[in-house]
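Novice: Have a look; sequence and predicted model below, questions after that.
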Amino acid sequence: GVNTMKEIIIMGTKQRIRPVVLTALAAALGFVPMAISTGAGAEVQRPLATVVIGGLVTSTLLTLIILPILFGMFEKLKFPVLKRRKKNPNISMLIVLFILPILGQTQTLNIEELIGIALTNNPQIKEASLRTEKSEVLKKSTIDFGKTNVGYNYGQINGDYQDYYWNINQTFKFPSSYTSSSKLNQEQTKLQKINEKISKSELVFQLRSEYARLNYLLSRLEMYQELDTNYSKLVELSNKQYKVGDIKILEYLTIESKGNQIRIAADQGVIEIQSSKSNLQKLMAIDYPIDPYTPVVWKEQIQVSDSATLVNAGLQYFEQSIQVSSQAQKVLKNEFAPEISLGYFNQQIEGLKGLDGVYLGMNIPIFFWTQKGNSQAARINTDIAEQQFFDYSNELKNEINIAIQEIKKHQISRSFYEGMGTELSDRILRSSAIQFTSGDIGYIEFIATVKEAYNLKEHYLNSLYQYNLAVIRYNFLMGVYN
């Protein structure tokens, strides 16, 4: 019999080494072609395959080496609470099972938490925020009086006497120039704030789209794994029947080939899920692993149904661009206005001190060619901004209509699969299982019916995914994510 923990560990390791190594080796070898590929897409496939292979190797070593060592270590520990009771090797196992997941756990987050982290960390959002802050700071530069002129003369200014003359003067723009410049800066700040809003809405749109893709991939992988489990049992059964001559080799090879295809699809699904999670990490600008919480059936909700509530940030941007161009035109018109000069002087003439006075003057533009050209160009810029607003408005309306039609289209297929489609798939699976068990149909017919049933499930997942994407785009166009 087995009496010590050491003997239990050795016996358990011997029993598990073969299945563990074979399982990991089979999966790892399946990724070797991808890891050494040099064709199109290899720069994406190789890192993913390397990560999977490394994970399989690490988990194998952990299972066969680290876990047995930890069993032995925890068995030797003397816990005061446990001294009163008889030693139970299962306690050590439970401690390890609870501790190991904690050491490698990832953070589980829902979609709203993902968006919150992304809006805080994403470098593009930070850059847009800094540009807005810069625009706010530039408000201080709108009232600029220029440099003050100070002069001093000493010597024989009016005769043989050593006299002096000093003065100070300042040139000011026409008062309306400062007002129009201040308004222009305010309009530019508003424009930059809208630009920051656009960056945030685009980030939320990308995050929700990738989240919908991840939900689809996880649901599809679950379906593939369920199908793989069933086919593994079927392959095992057909192998036994083939060895005793109950079925032909063509049936056995067909089942084995289909099982391999499903297993490959499942392995590829794992890689696609890792790629989707990497995309989420990139959008969130984080370097730690995440495990997004995705419901079994996740549906994006239409949050705006009335086009009258349209608050699309892009439309607001072009509308505000008209205001900026119009205000810039007013600033240039003030270039026609004169500049005002004020000054004060104090001097000595032939020894007589204390002679002072003030100076008032105007700088009047006589030649207007430059100012006229700039003003005309500013008026054209305003016309261009108005045309851009008109074009974008029409394009936005068209895209919203397309998004609505996409929602309706995928809603039809989604409703079918949620109603009759799912029920029909289950009925096909039950009926085919009963007929296969009773011998009414063979392996080939059974495989065909199972394939049809799971095709219905996959079509449902795909229609739900396309529906979510259409709703996400509609919400984005309607300005829900601003």
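Specialist: Noted; the coordinates are in hand.

Novice: can you give me the strands in the stretch 101-250 of the chain?
Specialist: Counting by DSSP state E, counting those that start in this stretch, the stretch 101-250 of the chain has these strands, from start to end: 107-109, 149-155, 163-172.

Novice: So which bits of the longest one are buried?
Specialist: Judged by neighbour count using 16 or more other Cβ atoms under 10 Å, the buried positions of strand 163-172 are 163, 165, 167, 169, 171. Where you see a C-beta, it was placed from the backbone N, CA and C, and this is true even at glycine.

Novice: can you give me the offset of that strand from its chain's centre?
Specialist: How far strand 163-172 lies from its chain's middle: 62 Å, per Cα atoms, centre = their mean, to the nearest Å.

Novice: the inter-axis angle of it versus strand 149-155?
Specialist: Angle of strand 163-172 versus strand 149-155, following axes from the mean of the first three to the mean of the last three Cα atoms, to 10 degrees, is 170 degrees.

Novice: before we move on, back to that, need the buried residues of strand 163-172 in a markdown table with pLDDT and distance to residue 146, can you?
Specialist: As requested, the buried residues of strand 163-172 are arranged in a markdown table below (pLDDT from 0 to 100; distance: Cβ to Cβ, whole Å):
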| residue | pLDDT | distance to residue 146 |
| --- | --- | --- |
| 163 | 84 | 30 |
| 165 | 86 | 23 |
| 167 | 91 | 16 |
| 169 | 90 | 11 |
| 171 | 85 | 6 |
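
Novice: ok, those residues vs residue 136, which is closest?
Specialist: Within the buried residues of strand 163-172, the smallest distance to residue 136 is 28.2 Å, found for residue 171 (Cβ to Cβ).

Novice: Leaving out sequence neighbours, find the closest residue to that closest one.
Specialist: On the basis of Cβ to Cβ, 6 or more residues apart in numbering, the spatially nearest residue to residue 171 that is not a chain neighbour turns out to be residue 341, at 4.8 Å.

Novice: element containing that neighbour, please.
Specialist: Using DSSP states H and E, residue 341 maps to strand 339-349.

Novice: I'd like to check the angle between the helix or strand just after that strand and strand 163-172, please.
Specialist: Downstream of strand 339-349, the next assigned helix or strand under DSSP H and E is strand 352-363. Interaxial angle, strand 352-363 versus strand 163-172 (the same axes, to 10 degrees): 30 degrees.

Novice: Just checking: what are the partner strands of strand 352-363?
Specialist: According to DSSP bridges, strand 352-363 forms sheet pairs with strand 339-349 (antiparallel).

Novice: buried stuff in the strand it pairs with?
Specialist: In strand 339-349, counting by 16+ other Cβ under 10 Å, buried: 343, 347-348.

Novice: Enumerate every residue touching residue 271.
Specialist: 34, 45, 48-49, 52 (Cβ atoms under 8 Å, 6 or more residues apart in numbering).

Novice: pLDDT-wise, what's the bottom of those residues?
Specialist: Ranked by pLDDT, those bottom out at residue 45 (67).

Novice: Residue ranges in the stretch 51-200 of the chain under the pLDDT threshold?
Specialist: Applying pLDDT under 70 to the stretch 51-200 of the chain flags residues 74-107.

Novice: circling back: which among the contacts of residue 271 gets closest to residue 27?
Specialist: Nearest to residue 27 among the contacts of residue 271, counting by Cβ to Cβ, is residue 52 at 7.7 Å.

Novice: I'd like to know which elements the host helix or strand of that closest one is packed against.
Specialist: Assigned by DSSP H and E, residue 52 belongs to helix 42-61. Counting contacts by 3 or more Cβ pairs under 8 Å, 6 or more residues apart in numbering; DSSP states H and E, helix 42-61 is packed against helix 5-35, helix 249-284.

Novice: hey, which of those is tucked in deepest?
Specialist: Most buried of these, by mean neighbour count (mean count of other Cβ atoms under 10 Å): helix 249-284, with a mean of 17.

Novice: pLDDT averaged over stretch 343-361, what's the number?
Specialist: Stretch 343-361 comes out at a mean pLDDT of 85.

Novice: Surely residue 389 touches residue 322?
Specialist: Yes. Between residue 389 and residue 322 there is a contact under Cβ atoms under 8 Å: 5.9 Å.

Novice: For the residue nearest to residue 171, list the residues it contacts.
Specialist: By Cβ under 8 Å, 6+ apart, the contact set of residue 341 is 169-172, 359-363.

Novice: The same query, at a cut-off of 10 Å, please.
Specialist: By Cβ atoms under 10 Å, 6 or more residues apart in numbering, the contact list for residue 341 reads 149, 169-172, 359-363.

Novice: in the sheet, who's paired with it?
Specialist: Beta-bridge partners recorded for residue 341 (DSSP bridges): residue 171, residue 361.

Novice: Run a quick neighbour tally on residue 368.
Specialist: The local packing of residue 368 (other Cβ atoms under 10 Å) involves 11 other residues.

Novice: Can you pull the phi and psi angles for it?
Specialist: As for residue 368, its main-chain torsions (degrees, to the nearest 10) stand at phi -110, psi 10.

Novice: Not counting its neighbours along the chain, what's nearest it?
Specialist: residue 336 (6.6 Å).

Novice: Quick check, pLDDT for the one you found.
Specialist: 76.

Novice: residue contacts, it?
Specialist: Residue 336 neighbours (Cβ under 10 Å, 6+ apart): 174, 364-365, 368, 371-372, 375.

Novice: before we move on, which element is residue 367 in?
Specialist: Using DSSP H and E, residue 367 falls within no helix or strand.

Novice: what's the burial count for it?
Specialist: A count of nearby residues for residue 367, using other Cβ under 10 Å, gives 7.

Novice: just the one 4 residues further on next, same as before
Specialist: Residue 371 has 16 neighbours, counted by other Cβ under 10 Å.

Novice: right, and residue 456 touches residue 413 too?
Specialist: No. In this structure, residue 456 is not within contact of residue 413 by Cβ atoms under 10 Å, at 11.1 Å.

Novice: and residue 287, that's in a strand?
Specialist: No. According to DSSP: H, G, I helix; E, B strand; the rest coil, residue 287 belongs to no strand; its state is coil.

Novice: which residues are in contact with the helix holding residue 52?
Specialist: Applying Cβ under 10 Å, 6+ apart, the contact partners of helix 42-61 are 17, 20-21, 23-39, 66-67, 267, 270-272, 274-275, 278.

Novice: sorry, back to before: can you give me how far the strand holding residue 341 is from the chain middle?
Specialist: For strand 339-349, the distance to the chain centre is 64 Å (Cα atoms, centre = their mean).

Novice: Show me what the longest helix anywhere in the chain packs onto, helices and strands only.
Specialist: Using DSSP state H, we find that the single longest helix of the chain is helix 175-243. When contacts are defined as 3 or more Cβ pairs under 10 Å, 6 or more residues apart in numbering; DSSP states H and E, helix 175-243 sits against helix 111-121, helix 123-137, helix 249-284, strand 290-292, helix 313-333, helix 422-438, helix 443-477.

Novice: Recalculate using a threshold of 6 Å.
Specialist: helix 111-121, helix 123-137, helix 249-284, helix 313-333, helix 443-477 (3 or more Cβ pairs under 6 Å, 6 or more residues apart in numbering; DSSP states H and E).

Novice: Compute the inter-axis angle for it and strand 163-172.
Specialist: Here the directions of helix 175-243 and strand 163-172 differ by 50 degrees (the same axes, to 10 degrees).
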